[in-house]
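Trainee: When you get a sec, could you give me coordinates for this:
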Amino acid sequence: MERHGSVEKPIISLRGVSKTFESAGREKQVVNHVDLDVQENEFVVLFGPGQSGKTTLINLIAGLELPTSGEVYVDDKKVTGPGADRGVVYQTTALFPFCTVMGNVEFGPKSRGIDKKTRRERAQYFIDLVGLQGFEKSYPNRLSGGMRQRVGIARAYCNDPKVMLLDEPFGHLDAQTRYMMKEELEKIWQKEKRTVVFVTNNIEEAVYLADRIVLLTNCPTSIKQEYIVDLPRPRSYVDPAFLKLRQEIVDNTDDTL
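Mentor: The predicted structure follows:
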């Protein structure tokens, strides 16, 4: 795909990254020597068995965890902690319950001192983009699960990160809402491009969204294989090429331990 070769330096780079946790005097390795490059505006899906270490990889890129060995770079800068250049959306989006939709979405620019008019216009743009116009004054407890995830995505985008990190953001949604949100996220990404690293253990989700799928092994995770998803967008779940790639990846995926 043209986008993959259009940037000489990757915007995300993991070099020999390993991560070991210690609990009750015992060590458990979760990530084992991962080398990975992600190009600007590329949509990369980390796919693998449950509990394989996908979330740990996201947290290492986000700077919420630091590698035991190896290095992580974002935009040519070594990751030493969290930063505004990385927006993170988790399975359970931690919205501020005391803030309206507008208050949640504009929180990042507000905390950086952006003037009210500018941040409100920017927040409104992303609220409209995720299809929540008319809900600006609603509080999170009045929203459905899918709507709350839309707020989380709008909030992350509104902070203008270079990289979006999404860790199974639709995992808690019912099947119909999850299907709808996959389509919505693909439309948002097409309109408001960002580099995206997306974690899932849902194979249809991976093939539908990704430019490239990084298949991970069981824990301690390493990269087993990468797949370029060279299918036209929007994708059809019943396209023979879609089904063929889906089956190929399923057959190559480690059984969950």
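
Trainee: Could you tell me which residues make contact with the closest residue to Asn59 other than its chain neighbours?
Mentor: Nearest non-adjacent residue to Asn59, counting by CB to CB, 6 or more residues apart in numbering: Glu65, 4.3 Å away. (Each C-beta comes from the backbone N, C-alpha and C, glycine too.) Shown in contact with Glu65 (CB atoms under 8 Å, 6 or more residues apart in numbering): 19, 56, 59.

Trainee: The last one and Glu192, how far apart?
Mentor: Noted for Asn59: a distance of 24 Å to Glu192, by CB to CB, to the nearest Å.

Trainee: neighbour-wise, which of those two wins?
Mentor: Asn59 (20 against 13; other CB atoms under 10 Å).

Trainee: Can you read off the pLDDT for the residue nearest in space to the middle of the chain?
Mentor: Centroid check for the chain by CA atoms, centre = their mean gives Leu166 as the closest residue, at 2.2 Å. On the pLDDT scale, Leu166 is placed at 94.

Trainee: and it, what element?
Mentor: Assigned by DSSP states H and E, Leu166 belongs to strand 163-167.

Trainee: got the CA coordinates for that strand in PDB?
Mentor: The C-alpha trace of strand 163-167 is given here as PDB (Å, rounded to 0.1, in the frame of the first residue of the first chain):
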ATOM      1  CA  VAL A 163      -0.900   8.600  17.700                       C
ATOM      2  CA  MET A 164      -4.200   6.900  18.800                       C
ATOM      3  CA  LEU A 165      -3.900   3.800  21.000                       C
ATOM      4  CA  LEU A 166      -7.200   1.800  21.300                       C
ATOM      5  CA  ASP A 167      -7.200  -1.200  23.600                       C
END
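
Trainee: Just give the strands next to it in its sheet, each with its orientation.
Mentor: strand 86-89 (parallel), strand 195-200 (parallel) (DSSP bridges).

Trainee: Name the surrounding residues that touch whichever helix or strand comes after that strand.
Mentor: Using DSSP H and E, the helix or strand that follows strand 163-167 towards the C-terminus is helix 175-191. Outside helix 175-191, the residues that touch it by CB under 8 Å, 6+ apart are 43, 129-131, 144-146, 149-150, 153, 157, 166, 169-170, 173, 196, 202, 205, 208-209, 233-234.

Trainee: switch to 10 Å and redo it
Mentor: Helix 175-191 is touched from outside by 41, 43, 89, 126, 129-131, 144-147, 149-150, 153-154, 157, 164, 166, 169-174, 194, 196, 198, 200, 202, 204-205, 208-209, 211, 233-235, 237, with contacts defined as CB atoms under 10 Å, 6 or more residues apart in numbering.

Trainee: just how off-centre is that helix within its chain?
Mentor: Chain-centre distance of helix 175-191: 13 Å, with CA atoms, centre = their mean, to the nearest Å.

Trainee: Can you show me the strands along the stretch 1-150 of the chain?
Mentor: Secondary structure of the stretch 1-150 of the chain by DSSP state E, counting those that start in this stretch: the strands cover 12-23, 26-38, 43-47, 69-74, 77-78, 86-89.

Trainee: now the residue lying closest to Thr92 once chain neighbours are set aside: how far from Ala210?
Mentor: Sequence neighbours aside, His172 is the residue nearest to Thr92 in space, at 6.4 Å (criterion: CB to CB, 6+ apart). Here the criterion is CB to CB. By it, His172 lies 21 Å from Ala210.
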